[in-house]
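**Q** Need coordinates for the following:
(chains A, B, C and D)
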There are 2 protein chains.
Amino acid sequence: MPLSREKIAATAIGLADAHGLDGLSLRKIARELGVGPMRLYDYVVNKSELLDLMVDVVYARIAEVGRRSGWRDTVLAIAHATRAAALDHEWFSDVLGGRPHLGPHALAVGEATAAALSAAPAVRDIDDLQRAVGALNAFIVGSVRREVTERRIARSTGTDEAAFQASLGPYLTRMLKTGRYPTVARLVIDGAHLNAEETFNHNLTTILDGITQQRST
Amino acid sequence: MPLSREKIAATAIGLADAHGLDGLSLRKIARELGVGPMRLYDYVVNKSELLDLMVDVVYARIAEVGRRSGWRDTVLAIAHATRAAALDHEWFSDVLGGRPHLGPHALAVGEATAAALSAAPAVRDIDDLQRAVGALNAFIVGSVRREVTERRIARSTGTDEAAFQASLGPYLTRMLKTGRYPTVARLVIDGAHLNAEETFNHNLTTILDGITQQRST
DNA sequence: GTATTGGTGGATACACCGTACGGTAGCGGG
DNA sequence: CCCGCTACCGTACGGTGTATCCACCAATAC
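**A** Residues are numbered from 1 along each chain as shown, chains lettered A, B, ... in the order given. Prediction:
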């Protein structure tokens, strides 16, 4: 098997899934492939180009959901697929919104969402569309990042409350006990039981509703 | 002047503003301070702790906007202050949503937004509040990241259309000319004239309106 | 006054990173 | 047969975060 961009990207994704983006290095990828580090530069000009490659592979999976019947179903499907992809490849969320996504598959999902939104009732001209796409993408990016971050700290501290109190506790609980952050304290203590996917979906529909009915600016 | 966490954080912020987060290293900070690299470890345990320090300094500036009369004005002020801070310190957007923000000033602005939102009409119980905070923060994070990213590519390619076509063009215009991404093409070509702050504000009010009036899930 | 101790600032060292560069081996053409 | 070219490869460089050790210097004990 003669090495290829696809193979390189695939093993890079595997390593990033396992050890995070920080734990990813060209040397490790090359070692995994049984090759000298410099071989990779025959297929990729930069590490950042390799990253773009990896990102577009993930977008390919997102693009697979294809087009649904209604514009709203399409948007929902893409959003959920993006979230699912980010949960499968947590490094993806580190890169979401942080660099232009110009790979062919990224453009494909961009096209699909834009086309869907342009069929929404309150989206009349291209300015409306620009804003709608911006708002939707901003929400998806922010939500997914937040969820992945929470998942990471949950994993690093242990999920049960005792371990949580023990690790974040010394600092955070002391902070919350100062009484200066009562609302945050309530959120931390009482608000942990909500289902993540449900919350995502709820907020997504809220935002979609907001976008698709005009209001005065 | 005997060196302190504040001084270290301040010069680190200066360097990050000038050269980005990638161009920031403990050695450069130390050199800037006229000190050996290892001295910094007397004040900071990690590079990531230093990063947390820097982040909280920025949050301090955001928290300065203080509380306004109405909940809505408060939320708007915080959101715009966050955006302004990120535009002043672009590295801030790289870190937004990517790690827990637990510094005292970060908690303060979290408290302020949560308290404000809890006074919104459609936010009745703590679950509503959790969702509202999540949606708002997700939007802010996503929007700011996106705007900073766009600004970076605009700066790197030059802002006029000719330079843009010349740098992104060879690839992107070829992509768009395939005709596979008609909606994206329209957005890229016709949609560049929108004012960023206006768009941010428009989408922000849209989302706020969506949050603060209940709907069926 | 001298010896000892403790702590503070600095230099060196290590493992690792992305990547530039020089060499070498194989092969087609004159 | 020999030359030149191309494709591959290892080594090397400048950088990173950080652990460890070392030199100095002040203050205390005798």
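**Q** Now residue A:186: closest residue in space that isn't a chain neighbour?
**A** Among residues not flanking residue A:186 along the chain, residue B:126 sits closest, at 6.0 Å (CB to CB, 6 or more residues apart in numbering or on different chains). To be clear about C-beta, it is placed using only N, CA and C from the backbone, and glycine gets the same treatment.
**Q** Compute the distance between that neighbour and residue A:146, please.
**A** The spacing between residue B:126 and residue A:146, counted by CB to CB, to the nearest Å, is 18 Å.
**Q** more neighbours, these two?
**A** Using other CB atoms under 10 Å in any protein chain shown as the criterion, residue B:126 and residue A:146 rank with residue A:146 on top: 22 against 17.
**Q** ok, that one - contacts?
**A** Neighbouring residues of residue A:146 by CB atoms under 8 Å, 6 or more residues apart in numbering or on different chains: B:97, B:134, B:137-138, B:141.
**Q** Out of the residues you listed, flag the one nearest to residue A:189.
**A** Checking the contacts of residue A:146 against residue A:189 by CB to CB gives residue B:134 as the nearest, at 16.4 Å.
**Q** Assign a three-state SS to that closest one, would you?
**A** Following DSSP: H, G, I helix; E, B strand; the rest coil, we place residue B:134 in the helix state.
**Q** Name the nearest of the contacts of residue A:146 relative to residue A:153.
**A** Comparing the contacts of residue A:146 against residue A:153 with CB to CB places residue B:97 closest, at 12.8 Å.
**Q** hang on, isn't that closest one packed against residue A:140?
**A** No. With contacts counted by CB atoms under 8 Å, residue B:97 stays clear of residue A:140, the gap being 11.9 Å.
**Q** Which residues are in contact with each of these two?
**A** Residues touching both residue B:97 and residue A:140 by CB under 8 Å, 6+ apart: residue B:138.
**Q** Would you enumerate the residues in contact with the residue nearest the centre of chain A?
**A** Centroid check for chain A by CA atoms, centre = their mean gives residue A:93 as the closest residue, at 3.6 Å. Taking CB under 8 Å, 6+ apart, we find residue A:93 in contact with A:86, A:144-145, A:147-149, B:98.
**Q** With residue B:86 as the reference, measure out to it.
**A** Here the criterion is CB to CB. By it, residue A:93 lies 18 Å from residue B:86.
**Q** so what's residue A:82 up against?
**A** Residue A:82 makes contact with A:62, A:109, A:140, A:144, according to CB under 8 Å, 6+ apart.
**Q** what about 7 Å?
**A** Shown in contact with residue A:82 (CB atoms under 7 Å, 6 or more residues apart in numbering or on different chains): A:62, A:140, A:144.
**Q** Flag every buried residue along the helix or strand harbouring it.
**A** Assigned by DSSP states H and E, residue A:82 falls within helix A:71-88. Buried residues in helix A:71-88, counted by 16 or more other CB atoms under 10 Å in any protein chain shown: A:71-72, A:74-83, A:85-87.
**Q** for those residues, which one is nearest DNA strand C?
**A** residue A:86 (21.7 Å; CB to the nearest atom of the strand).
**Q** Assess the claim that that closest one and residue A:148 are in contact.
**A** Yes. Residue A:86 lies in contact with residue A:148 (CB atoms under 7 Å); the separation is 6.0 Å.
**Q** what's the burial count for residue A:140?
**A** Applying other CB under 10 Å, we find 26 residues neighbouring residue A:140.
**Q** whoops, residue A:116 was the one
**A** Each residue near residue A:116 was counted by other CB under 10 Å, and the total is 25.
**Q** Out of the contacts of residue A:82, which sit inside helices?
**A** Using DSSP state H, the members of the contacts of residue A:82 that fall in helices are A:62, A:140, A:144.
**Q** Just send those residues back as CSV, with distance to chain B and pLDDT too.
**A** Output for these, formatted as CSV (distance: CB to the nearest CB, whole Å; pLDDT from 0 to 100):
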residue, distance to chain B, pLDDT
A:62, 15, 96
A:140, 7, 98
A:144, 8, 97
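**Q** circling back to that earlier point, what is the nearest of the contacts of residue A:82 to residue B:51?
**A** For the contacts of residue A:82, the nearest to residue B:51 is residue A:144 (21.3 Å; CB to CB).
**Q** what about the nearest residue to the closest one once chain neighbours are set aside, distance to DNA strand D?
**A** Leaving out its chain neighbours, the residue that sits closest to residue A:144 by CB to CB, 6+ apart is residue A:86, at 4.4 Å. From residue A:86 over to DNA strand D the distance is 26 Å, taken as CB to the nearest atom of the strand, to the nearest Å.
**Q** Contact residues of chain A facing DNA strand D?
**A** Within chain A, the residues that sit near DNA strand D (CB under 7 Å from any atom of the strand) are A:35-39, A:42.
**Q** Swap in 10 Å and give it another go.
**A** Within chain A, the residues that sit near DNA strand D (CB under 10 Å from any atom of the strand) are A:2-3, A:27, A:30, A:34-39, A:41-43.
**Q** so which of the residues you listed is the most crowded?
**A** Within these, neighbour counts (other CB under 10 Å) peak at residue A:30, which reaches 19 neighbours.
**Q** residues in contact with it?
**A** A:36-37, A:39-40.
**Q** same thing but 10 Å
**A** If a contact means CB atoms under 10 Å, 6 or more residues apart in numbering or on different chains, then residue A:30 has A:3, A:8, A:11, A:36-41 as its contacts.
**Q** per-residue pLDDT, the residue nearest to residue A:144?
**A** Looking at residue A:86, its pLDDT is 97.
**Q** That one reaches residue A:142, doesn't it?
**A** No. The pair formed by residue A:86 and residue A:142 falls short of the contact definition of CB atoms under 10 Å, at 11.7 Å.
**Q** Give me the buried positions along stretch A:53-72.
**A** In terms of neighbour count (16+ other CB under 10 Å), stretch A:53-72 has its buried residues at A:53-63, A:65, A:71-72.
**Q** Revised request: answer the last question for stretch A:183-191.
**A** Along stretch A:183-191, these residues count as buried under the neighbour rule (16+ other CB under 10 Å): A:183-187, A:191.
**Q** Out of those, which comes closest to DNA strand D?
**A** Among the buried residues of stretch A:183-191, residue A:184 lies closest to DNA strand D (CB to the nearest atom of the strand), at 28.4 Å.
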